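Chemist: Return atomic coordinates for the entry below.
(one chain, ligands or ions: 1)
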Amino acid sequence: MIETEYDVVVAGYGPVGETCANLLGYYGIKALILDKEKNAYPLPRAITWDAECQRAMSHCEFLSEVKTRKIRGVDNKDANKKSIMKITTEGFDTYNYQHRILFIHQPQFDEAHRENAEKYSTNTIKTGSELLAVDEINGVVNCTYKNIETNEQFKVTSKYLLACDGANSTVRKLNNIKLNSLDADESWMVVDGYTKSSFDCFTDIDAIQYCNPTRPTTIIQGVENCFRFEIAFMPGDTVEEIQKESVFRKYIDQWIGDNEVEFSRTAVYSFHAAAAERWSNGNIFLLGDAAHQMPPFMGQGMNSGCRDAENLLWKINGVLKGLYKPKILDTYETERKPHVARITSTAIKMGGVINAKSKFRALVRNATLRIQGYFKGKENIFPIMNGNRLGQGVHNMPKIKDVSLERYYFNEISVRLNDGRIKSTDKILEKNFGMILNDFEGNKKISDKYLEFLNKHNFKIINISNNYEQSNYDNYIACEDTHSDMQIYCDKYDCNAVILRPDKYVFDIFNFETDNLDEIVSSAIKNLQETAVFTPN
Ligand SMILES: Cc1cc2nc3c(=O)[nH]c(=O)nc-3n(C[C@H](O)[C@H](O)[C@H](O)COP(=O)(O)OP(=O)(O)OC[C@H]3O[C@@H](n4cnc5c(N)ncnc54)[C@H](O)[C@@H]3O)c2cc1C
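Modeler: I've put the predicted structure just below:
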């Protein structure tokens with residue numbers, strides 16, 4: 001590989017750049033992280049973090065915990081405050097697993113991420129440094145940035161550039177990548193604050209979409225009694241006027257009741273939905289808002305960016321370490337783009353639910369949702385709950401209708417090891433390809449010709465059974481399932497084995513029809529190699 005000063009330059013240190021910085025640190029990849037601002041963005045934005053994204057970071061072992069609170073549910077209420085669609089997350093814990101969305105307080109989230117990213121000696125972090133120019137010549141990415149205080153300019157080379165520079169991405173523009181608007185622009189005012197005790201409206205849920213056509217409003221109870229109101233702009237509103245306490249309190253006092261509150265900040269946002277035509281140009285990749293934007297009605301903009309980072313970085317890590325061919329990087333866009341497109345379209349639809357601003361449209365919406373909820377149930381509204389498959393890429397996952405999330409994105413299972421310790425399958429597999437077998441009782445000897453591939457990929461084989469008999473492969477781990485989660489999964493999807501990718505998306509599920517682990521391994525390796533992204537032994 002060509003010598004460069006850094007393996008990766010990250011432009012932008014918002015939540016997606018922060019996620020990248022931590023993952024790069026975990027992988028031990030030499031990285032330069034730049035942000036034009038000296039400090040983290042101070043205004044209120046993301047308030048939700050999917051457990052999927054939290055799980056992606058679990059190997060980074062944060063120095064300070066990101067404070068979170070599980071969302072119990074959200075109620076969509078009509079103008080008379082009667083429920084039209086209430087979605088509670090209780091009961092989604094079939095797998096004793098993280099089917100959940102968490103509230104965060106973004107300033108604390110940023111702080112914890114930044115503090116942790118700094119602990120990695122392979123990370124060089126330069127805030128107050130604006131990326132000005134970038135080009136790629138023969139696989140070398142040349143970046144020019146300036147120190148915003150001194151105006152001094154610097155040039156660096158790297159193998160990859162990750163553009164996490166937000167909606168107005170400089171990198172996207174410099175690379176002439178078109179951003180297509182999806183025509184879902186909306187203006188909303190956001191007000192954040194703190195209260196000593198919880199508002200009365202939050203009995204068994206933590207968010208209310210008040211679908212009142214005269215003034216749609218979202219009411220949220222976040223971490224540690226932080227609250228947020230999002231108030232829709234109506235004709236005649238102005239940016240200055242609506243941010244006056246005497247004005248916005250008219251819309252929110254009914255929810256605050258007698259509680260003492262302290263407002264921390266207000267801001268007016270124009271929500272957009274947009275998609276970049278391409279997500280890469282050679283070794284330059286767009287992530288997060290630089291690649292896609294969506295209205296925040298599902299709390300998925302940042303989360304989608306975090307998924308981009310997780311998806312791209314295990315691939316870059318593998319290419320840098322000689323495990324995968326560089327063409328695996330093409331699958332970043334092919335896998336992630338359709339995933340994001342589905343979430344964006346759901347977010348636009350959810351925006352449509354609360355944004356019905358005429359009495360007639362509100363009436364139709366209320367009736368439709370009530371009928372739909374009666375016949376179809378409500379849980380499949382949340383993208384984290386249902387099976388949102390990746391697009392074409394490194395997996396063997398046919399599209400299946402009406403499956404839940406874990407069909408494509410596997411659960412973290414808790415297991416008991418031979419020595420009695422309880423461990424999660426994530427901790428055992430780490431960020432590698434691996435295989436989980438359900439109760440394999442046959443011959444566990446693996447022939448030498450496969451051991452090389454398995455060792456090279458640090459490919460663990462977990463056998464969940466009552467039999468702790470070992471194999472000749474050091475990374476074969478026999479253990480017991482503490483909650484029958486694997487059995488539930490296998491019964492549900494008619495399989496007894498699953499191959500997982502480093503990001504815990506399912507590569508394949510199958511039934512073993514042999515008594516020989518060697519044959520199972522042989523066919524798994526063949527299957528993996530058919531994706532043509534693995535370097536030859
Ligand atoms: C009101 C509101 C509520 C939201 N709620 C949620 C939610 O609950 N959940 C959720 O998942 N999403 C939510 N979102 C969306 C979420 O905030 C964004 O999707 C997310 O911030 C995108 O992160 P990013 O890192 O890609 O970009 P940004 O957060 O925009 O960060 C980009 C960074 O790049 C830096 N930068 C830009 N240009 C350069 C340059 N040339 N050189 C160096 N640095 C540069 C900027 O200074 C900035 O720090 C919300 C958005 C809004 C507006």
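
Chemist: domains for this protein, by residue range?
Modeler: 6-66+104-178+274-345, 186-271, 405-529 (automatic domain parsing).

Chemist: close to the ligand, is the first one?
Modeler: Which is domain 6-66+104-178+274-345. Yes: Domain 6-66+104-178+274-345 reaches the ligand (C-beta under 6 Å from any ligand atom) through 11-17, 34-37, 41, 45-48, 130-131, 164-166, 170, 288-289, 296, 299-303, 305. Any C-beta I mention is one placed from the backbone N, CA and C, and that applies to glycine too.

Chemist: Drop the exposed ones from these and show what's left.
Modeler: Buried members of those, scored by 16 or more other C-beta atoms under 10 Å, are 11-17, 34-36, 45-48, 130-131, 164-166, 170, 288-289, 296, 299-303, 305.

Chemist: Can you list which of those residues are found in strands?
Modeler: Of those, the ones assigned to strands by DSSP state E are A11, L34, D35, T48, E130, L131.

Chemist: which residues does the last one contact?
Modeler: It refers to L131. Residues counted as contacts of L131 (C-beta atoms under 8 Å, 6 or more residues apart in numbering) are V9, A11, L34, K36, C143, T144, Y145, D165, T170, V171.

Chemist: which among the ones in strands among the buried ones among the residues of domain 6-66+104-178+274-345 next to the ligand gets closest to T346?
Modeler: Of all those, T346 sits closest to T48, with 14.3 Å by C-beta to C-beta.

Chemist: Can you tell me which of the ones in strands among the buried ones among the residues of domain 6-66+104-178+274-345 next to the ligand is nearest F263?
Modeler: Of all those, F263 sits closest to T48, with 20.8 Å by C-beta to C-beta.

Chemist: ok, the closest one touching V74?
Modeler: No: if you go by C-beta atoms under 8 Å, T48 and V74 don't touch, sitting 10.5 Å apart.

Chemist: Quick check: mean pLDDT of the biggest helix by length in the chain?
Modeler: Using DSSP state H to define each element, the chain has its longest helix at helix 330-354. Averaging the model's pLDDT scores along helix 330-354 yields 93.

Chemist: start to end distance for stretch 413-432?
Modeler: Counting by C-alpha to C-alpha, to the nearest Å, you get 16 Å between the two ends of stretch 413-432.

Chemist: buried ones in that stretch?
Modeler: Under the neighbour-count criterion of 16+ other C-beta under 10 Å, stretch 413-432 has I413, S414, V415, K423, T425, D426, I428, L429, K431, N432 buried.

Chemist: where does this protein have low pLDDT?
Modeler: Within the chain, the ranges that satisfy pLDDT under 70 run 1, 44, 90-99, 375-386, 537.

Chemist: Show me the helices in it, by range?
Modeler: For the chain, the helices defined by DSSP H cover 15-27, 51-56, 106-118, 170-174, 239-242, 245-256, 301-320, 330-354, 359-376, 425-429, 448-456, 485-493, 517-529.

Chemist: ok, and for the longest one, which residues are buried?
Modeler: Taking 16+ other C-beta under 10 Å as the basis for neighbour counts, the residues of helix 330-354 that come out buried are 331-333, 335-340, 343-344, 346-348, 350-351, 353-354.

Chemist: and the residue of the stretch 301-450 of the chain found nearest the ligand, what does it touch?
Modeler: Proximity of the stretch 301-450 of the chain to the ligand (C-beta to the nearest ligand atom) peaks at G301, 2.7 Å away. Listed by C-beta under 8 Å, 6+ apart, the contact set of G301 reads A46, G288, D289, Q293, M294, A347.

Chemist: Repeat the analysis, applying 10 Å as the threshold.
Modeler: Shown in contact with G301 (C-beta atoms under 10 Å, 6 or more residues apart in numbering): 15-16, 45-46, 48, 167, 271, 273, 288-289, 292-295, 340, 343-344, 347.

Chemist: doesn't F433 make contact with V506?
Modeler: No: if you go by C-beta atoms under 10 Å, V506 and F433 don't touch, sitting 11.4 Å apart.

Chemist: Give me the common contacts of these two.
Modeler: With contacts defined as C-beta under 10 Å, 6+ apart, the residues shared by V506 and F433 are I499, L500.

Chemist: tell me the contacts of the residue in the stretch 1-150 of the chain that the ligand sits nearest to?
Modeler: Ranking the residues of the stretch 1-150 of the chain by distance to the ligand (C-beta to the nearest ligand atom) places G14 first, at 2.2 Å. Counting by C-beta under 10 Å, 6+ apart, G14 touches 35, 37, 40-41, 45-46, 106, 110, 164-166, 288-290, 302, 305.

Chemist: What about it? Give its phi and psi, please.
Modeler: With angles defined as degrees, to the nearest 10, G14 sits at phi -80, psi -160.

Chemist: My understanding was that E3 contacts G139; is that so?
Modeler: No: judged on C-beta under 10 Å, E3 makes no contact with G139 at a distance of 11.1 Å.

Chemist: Comparing these two, which residue is more hemmed in?
Modeler: For E3 versus G139, the count of surrounding residues by other C-beta atoms under 10 Å is larger for G139: 13 against 7.

Chemist: Pretty sure that one sits against I284.
Modeler: No: no contact is recorded between G139 and I284 when judged using C-beta under 10 Å, the distance being 11.3 Å.

Chemist: what do these two both touch?
Modeler: Joint contacts of G139 and I284 (C-beta under 10 Å, 6+ apart) are Y160.

Chemist: Distance check, R361 against R370.
Modeler: Distance from R361 to R370, counting by C-beta to C-beta, to the nearest Å: 15 Å.

Chemist: and the residue of the stretch 51-200 of the chain nearest the ligand?
Modeler: G166 (2.8 Å).

Chemist: which residues does that residue contact?
Modeler: Taking C-beta under 10 Å, 6+ apart, we find G166 in contact with 11-12, 14, 16-17, 35, 41, 172, 288-290, 293, 305.

Chemist: who's in contact with the closest residue to I499 other than its chain neighbours?
Modeler: In space, I499 comes closest to F507 once its chain neighbours are excluded; the distance is 4.3 Å by C-beta to C-beta, 6 or more residues apart in numbering. Contacts for F507 (C-beta under 10 Å, 6+ apart) come out as 394-397, 410, 433-435, 498-501, 524, 527-528, 531.
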